[in-house]
Structure formats: C-alpha cells, structure tokens
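Undergrad: Quick one, structure for this:
(4 chains)
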4 protein chains.
Amino acid sequence: MTSTDKAEKETGRIEAFSDGVFAIAITLLVIDLKVSPPSGSEGLVYKLLEEWPRFLAFLTSFATILILWVNHHNLFNHIVRSNTLFMFLNGSLLFCVTFVPFPTSLVAEYMGDTGETTAMVLYSGTMLAMAFAYNILWRYASHKHRLLAKSVTAGQVKSINRQYFVGPVFYGLAFILAFANVTASLILIISLAAFFAITASVSRES
Amino acid sequence: MTSTDKAEKETGRIEAFSDGVFAIAITLLVIDLKVSPPSGSEGLVYKLLEEWPRFLAFLTSFATILILWVNHHNLFNHIVRSNTLFMFLNGSLLFCVTFVPFPTSLVAEYMGDTGETTAMVLYSGTMLAMAFAYNILWRYASHKHRLLAKSVTAGQVKSINRQYFVGPVFYGLAFILAFANVTASLILIISLAAFFAITASVSRES
Amino acid sequence: MTSTDKAEKETGRIEAFSDGVFAIAITLLVIDLKVSPPSGSEGLVYKLLEEWPRFLAFLTSFATILILWVNHHNLFNHIVRSNTLFMFLNGSLLFCVTFVPFPTSLVAEYMGDTGETTAMVLYSGTMLAMAFAYNILWRYASHKHRLLAKSVTAGQVKSINRQYFVGPVFYGLAFILAFANVTASLILIISLAAFFAITASVSRES
Amino acid sequence: MTSTDKAEKETGRIEAFSDGVFAIAITLLVIDLKVSPPSGSEGLVYKLLEEWPRFLAFLTSFATILILWVNHHNLFNHIVRSNTLFMFLNGSLLFCVTFVPFPTSLVAEYMGDTGETTAMVLYSGTMLAMAFAYNILWRYASHKHRLLAKSVTAGQVKSINRQYFVGPVFYGLAFILAFANVTASLILIISLAAFFAITASVSRES
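TA: Numbering: from 1, shown residues only, chains lettered A, B, ... in the order given. Presented below is the predicted three-dimensional model:
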C-alpha cells in the first residue's frame, strides 16, 4: 500500500469490528470441547479418544476461520473506501462466520450417528454460503474499481477474481458430496483448508 | 471527514470499546442455537425444523445489532470530541446491546407457548429502549454542536434528527402490538430491520 | 493531550487489549440471565419477577465495569509510556475485571438464601481488590512522573490521588458491612456506582 | 522503536486480531468457575473451598495467558513486516491460546481423581506446544532479519533466542513430570509463570 492509499483509508473501524467477530468466533469454538465429569466406570483417556469428532471439528473450524481472516486481511489491503451497502455485505459475511460454531457442534455431536448427513450438509452449506459472501463482497468492492486503492492494478483484480472462483466450486462439491458420503465431504473440506493455507503462503512469499 | 476533523478526533477508544461490545454481543447469539443430542426416536432434520423460532430470533437479532453497529459507525463520523457524560450515555446504549441476547433467547424459547406475549413485550421493549438511547446520545452530542466536527452542517444534523425519529415511533408501535398480537409485532420488527438496512444503503450511495 | 504527548504514546496495544477484556467481561454478564423453559404450572412474568436478584446483579455489575472502563480510559489520557511491570499491574486489574461475573452470579443465585453472606463478602471483596489494583496501577505510573505525559501537572496528579482514595475506603466499608448486613452492603455498592458516575460526569463537564 | 520503524509497520491488524483472541481466551476462563445452586445440606463456604482446584487452575491459566500476551506485545515491538506464512504461524500460536481453557477445565475437574494424570499431561502438553509455537514464530521472523525493524540489533536477536530457549526446556520437563507426579508438574508450571513475570519485569526496568 502506498502512503497515498493510507491517507484515503476509511475502513479502519470495519476492520476492527470484523477482527473482533473473527476473534470471538474462533475462540468460542473451544466452549464445545467438553468431557463428562469423573465417573468410576471409564478412564479420561478413553473419554477423550471417544470425543475425536469434537476435536476434529474444532481443528477444522479453527483452520477455516483463520484462513478466512487471513483472506479478509489481504482483501482490505486493496480496499480503502467504504459505504453502507459494503458494510452490510461485510456483515453478511460475518453472519456466516458467527454461525460456524453451530454446524461445527452438530458435526461433533452427530458424527457416526444417523443424523450425520444432515449435520454435514449444514456444515458444508455454511462453508458454501461463506464462499459466496466473499465473492459478492469482493465483486462489489472491485467493480469499476469502486472501493479499491488507486495502486491496485487490473491484473491484481483479475488474479483475485480467479483465486476466489475456487471457493464456491469446491465447497459446492463438498455440499453435494455431503448427501452421498459424509466422510468424503469432510475430507474435501479439510483438504481445501490445507490447500488455501499453502497457496496463500506461497503466493505472498514469491 | 476533513483532515482537521481527524486531528481533533478523541473518540478512538470509545469506538474500539463499543466495537468490542457489538462484536461480542453479535457473536454470542450463536450460543443459543442448540439441538438436543442424538436419540433414536426423531431425526435431526425434524429437530432442526422444530427449532425454527430459534433460527428466526437469531437472524433478527443479528440483523438488528448489525444495523445498530452501522449506525454507530456513521454517527461517529460526525462526532469527534468526547466527555465523561457522553461515555456513560454511550454505555447505556451498549447496555441495551449486551442485553439483546436475553430477550432473543426468551422469544426463541417461548414462541408458540403461553409465555410468548411476555417474551415479545420484553424483546420489543429492549428495541424501544435502544432507539431511545440512540436518540439521547445523538441529541446530547449534537446539541449546540457540542461534540461534532466543525465540518458537520446544520442541515446534516436536522436530517439525522429526522431519521432517528423513526426508531422510537415504530419500535413503540411494535411494543404496543406485542400485547395484542405477538406475530404482528415480530413482523414489524423484522420489517423495520429491512427498512433501515435498505434506506441506510441507499442514502449513502446517492 | 498535546500533540507531543501523542507522538510519545506507546500504550496503544495495552489499551486495545484492556478494551477487549472490559468489553468481553461486560458482555458475558448476560449469559447468566436465564429463565427455565416453558412449563404449565407458572407464567413467564412470574418467573421473571422471581429472578429479580439476577437482574439487579446484572445491572450493578454492568454499571461497575462501565465505570471502571471510563476510569481506565481517563487514566490513559495521562499515561503515555509503558514497561513490563506496568503491563503486569494492568493485568492484575484485568484479573479482577474478568473475575466479576463469578461473584455476580453467586449473588444472583444465593440472594435470599443461607449462603448470601458468603456471596456478598466475595462480591464486595472483588470490588475492594479492584479498587486496590487501580490505586497501585496509578501510584506506580505517577510516581516521580514515571509514565505520565509531560503535560500532566502535579496538581492533576494530586487530584486523582484524592479521588482514587475514595474507592478502597468505601468498598472496604461495603466489605465489612457484608458480614453483618447483606442488603446494606449491596445498597452501598450500588450507591457508590451512582456516585462515581455522577462525579465523573460533572468533573469533566466543568 | 524509531519513527522509521513506525512508518514501515504493517502488523497492525495482526496485533489487533491477536489481542482480541488473547482477551477473549483470558476472559472465557471465568465461565468455568461454577458452584452448584443452593441446597440445604452444605454451606456456600464449604462448596467454594471444595472447588479449590478450579480456582487454582483459573489463576494459573490467567497468569500464563497474560504472560504470553506480554511476550507477544514485546515481540511485535521488534517485528514490523508481515507475510501470509507469518500470519499462519501466528495463527498456530493463537490456536494453542484458544485451546488453553479446555485442559484448564480438565485439570479443574479431574484434580484429585483417577484421571488427573491424563488431564495434567494434556495441560502441560498444551504449554509445551505453545512454547514451541513461540519459538517457531520468532525464528521465522528473525531469520536473516526477515520481518524485523532495521533498528533491532543482532545482539537483541541473540538475547531473545536465549530467553525463548527456556520455555520448551522447562515445559518439556513439566510434561514429562506430569506422567510421574501431577502435583510436581503443576508446581513447576506455576513457578515458571512467576519466573517469567519477574524476569520480564526486571529486564525491561533496567
């Protein structure tokens, strides 16, 4: 960001509010990690192992929200202006973020049970909605350079457009998969998280 | 905001603290979304559908707090100075915001039950109190240009005065309606949220 | 604050972290407001009225934390430098702040029961500890002008010293009273909150 | 930090997000302090005393997270640049921080019970993971001065390297101790917290 961009920056409070929501949503996930109080019949190690879907769900959701935050952060390196509609579009993205702990806890609770398909459909559906919300936010901000810094080039916009296209496609696939095979859908979502983390890290490094 | 306004800005920490409270209140709403653990008798889809008042309440409260935050943000584009009384007036507004999850959970729990009138009266009453708190905050800050930036015109103050008049009137109506017809009161509150979101977006766009 | 003070300001992140803790502690209080699910035998109005100690405790703790935040804010208008010991002193103050929801919920739960004396002793004791933590923080920062802005006068330091003396004395009184008369202790704490709010507002206005 | 360093500072939002996570994790600890509702058979004092492991765990975790925050703060006085991989390394540190309330509650629940070894292993293991995450974060940032301010000297880097070496060694010791003697492991962790707090305060004072 050039110093001119910094001067015209008016998104400070939107970023602060969003940071707060991301930080709370990511920290609230831990509340769902629970183990029943001591009882004579079975040891704590056994109880913890039995709760593996909870830990897996915790880890996956943490990674996903972290990646979302990193993306949000990178996006706002380009966006320097704001208007009320943009705040609501950002709000609809945050809505998805705050909602994540709920399907996460459903997956944690129902994995391996009859309700697991429903839980996974809701979980992957939330991810899909989030991917759409990101695309809408970015398309609105970048349309005719509406809210972008002057220093952002057309090439950069195109490159982000391409990058953001991956989300809806693959989360859409995970959503469809969830109806047929819960495990496959979960593996796809975890792989996506890993993929995004790696490509994001590499692309900035170069 | 002109650069002179930025220089005299002394509300930074009030905005940061308020952002924190808004962000937490809006994220805490999800804690109330709960579904009973797996049991043989009924499926998860059925359980989720049965909980529709919870989801509706979650959505409405999220939208309301988001709109409040957008308004708060827009207000502090005009307000640049602060004093202790102003901090307490802002605090009484935040009090309403942190209280929202409680009547929300009451509505979610009691909708369709004998206690639904009481729950809705408390919910709409909280909204009404919030609308009053906003008006008092703004009137105090704008009285004789007390805490406003120099660049704010008398016309802008009048326009916001008019805009803010809508809240107490319609939330007052929703409050009265709640005693007679719970559904009508809820629909009015949802419509108000939609109305505020649309007008806010349009007015800034133009 | 003069512009020179702003330039040497290095407490930004301490304030941000503290704002976060205050904001969360004040918002978490609402979690303790609970009403049992619908049941045929008694109405929601009755249930809510029965829970009055919860609402009173919620209100008192909210007001107290808000006043603490306002004080914290005013203090950091004078403090511009920082060191690690100061961060830990600030941390011990935040410790008291995050602890408040616990004795609050004890008072809410045990008021009118045999355990009410213990609950009130813990509640007033927390307030007392908080008043001490404030005094230590301020004394450390202001000793030989250690961390203060250059523009702060010796008269201002003395005036704050005097003001801060009130806290330990009266919370100490409330603490002692709690052993003898729970209601009197609670009334004293509520009166103190009102007193601080009023004097703070008036002193800044003049 | 020199003014040149301030100008090139691009870690603002990472610090804000991290502050949020630290603040929430430290405040969430209080949720685990619970006492059963009034019952005729035993007094509140007795109930509170019985819950001493909860209070000890609360205190230890609070102190640990506070120290982590102070360290994070001091670290970012040296780090002024950022990239995506660095954000994920910081994220893995935050992962440990948000996880702390879970083993804390396990220790609180299982202390004095058969599961206490498992609980303590998980608790000390989390501390160990955190110490590793800190070292990786710092090594990555300081390697060939990658993300450091120009004003940071090679001597300062070495001194921090040495300081950070203490964590993995002693938390590793606590981890091993946990298998043999739960109490000894807990005492070591508490001593470490005290040691870090004291050395940190002294080193900055001089």
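Undergrad: Touching, residue A:140 and residue A:84? I think so.
TA: No: with contact defined as CB atoms under 8 Å, residue A:140 does not reach residue A:84; the gap is 12.0 Å. For glycine as for every other residue, the C-beta is placed from the backbone atoms N, C-alpha and C.
Undergrad: Of those two, give the one with the bigger neighbour count.
TA: residue A:84 (21 against 16; other CB atoms under 10 Å in any protein chain shown).
Undergrad: any idea how far that one is from chain B?
TA: For residue A:84, the distance to chain B (CB to the nearest CB, to the nearest Å) stands at 4 Å.
Undergrad: Tell me the spacing between that residue and residue A:26.
TA: 27 Å (CB to CB, to the nearest Å).
Undergrad: what does chain A put close to chain B?
TA: Contact residues (CB under 8 Å from any CB of the partner chain) of chain A with chain B: A:13-14, A:16-17, A:20-21, A:23-25, A:28, A:31, A:83-85, A:87-88, A:91, A:94-95, A:98-99, A:101-102, A:106, A:109-110, A:113-115, A:118-119, A:122.
Undergrad: show me which of these neighbour chain D.
TA: Among those, the ones lying near chain D by CB under 8 Å from any CB are A:16, A:20, A:23, A:24, A:28, A:31.
Undergrad: Inside strands: which ones of those?
TA: Judged by DSSP state E, those include no members of strands.
Undergrad: And these, which of them are buried?
TA: For these, a burial check counting by 16 or more other CB atoms under 10 Å in any protein chain shown picks out A:16, A:20, A:23, A:24, A:28.
Undergrad: which among those residues gets closest to chain D?
TA: Chain D lies nearest to residue A:23 out of those, by CB to the nearest CB, at 3.0 Å.
Undergrad: so what's the closest one up against?
TA: B:23, D:17, D:20, D:21, D:23, D:24 (CB atoms under 8 Å, 6 or more residues apart in numbering or on different chains).
Undergrad: now, which of these sits nearest residue C:148?
TA: Nearest to residue C:148, judged by CB to CB, of the contacts of residue A:23 is residue D:23 at 25.4 Å.
Undergrad: residues contacting the residue lying closest to that closest one once chain neighbours are set aside?
TA: Leaving aside its chain neighbours, residue D:23 sits nearest to residue C:20 (3.0 Å; criterion: CB to CB, 6 or more residues apart in numbering or on different chains). For residue C:20, the contacting residues are A:20, B:20, D:19, D:20, D:22, D:23, D:24, by CB under 8 Å, 6+ apart.
Undergrad: Give me the neighbour count for residue A:17.
TA: Other residues lying near residue A:17 total 27 when counted by other CB under 10 Å.
Undergrad: Quickly note the distance from it to chain C.
TA: For residue A:17, the distance to chain C equals 12 Å [CB to the nearest CB].
Undergrad: State the distance from that residue to residue A:76.
TA: Taking CB to CB, one finds residue A:17 at 12 Å from residue A:76.
Undergrad: what do you get for residue A:184?
TA: In terms of CB to CB, residue A:184 sits 34 Å off from residue A:76.
Undergrad: When those two are compared, which one has more neighbours?
TA: Ranked by neighbour count (other CB under 10 Å), residue A:184 and residue A:76 place residue A:76 first, with 20 against 14.
Undergrad: After the host helix or strand of residue A:85, which helix or strand is next?
TA: Secondary structure from DSSP states H and E places residue A:85 in helix A:84-99. Going down the chain from helix A:84-99, the next helix or strand is helix A:101-110, by DSSP H and E.
Undergrad: sec struct for residue A:77, please.
TA: The three-state label given to residue A:77 by DSSP: H, G, I helix; E, B strand; the rest coil is coil.
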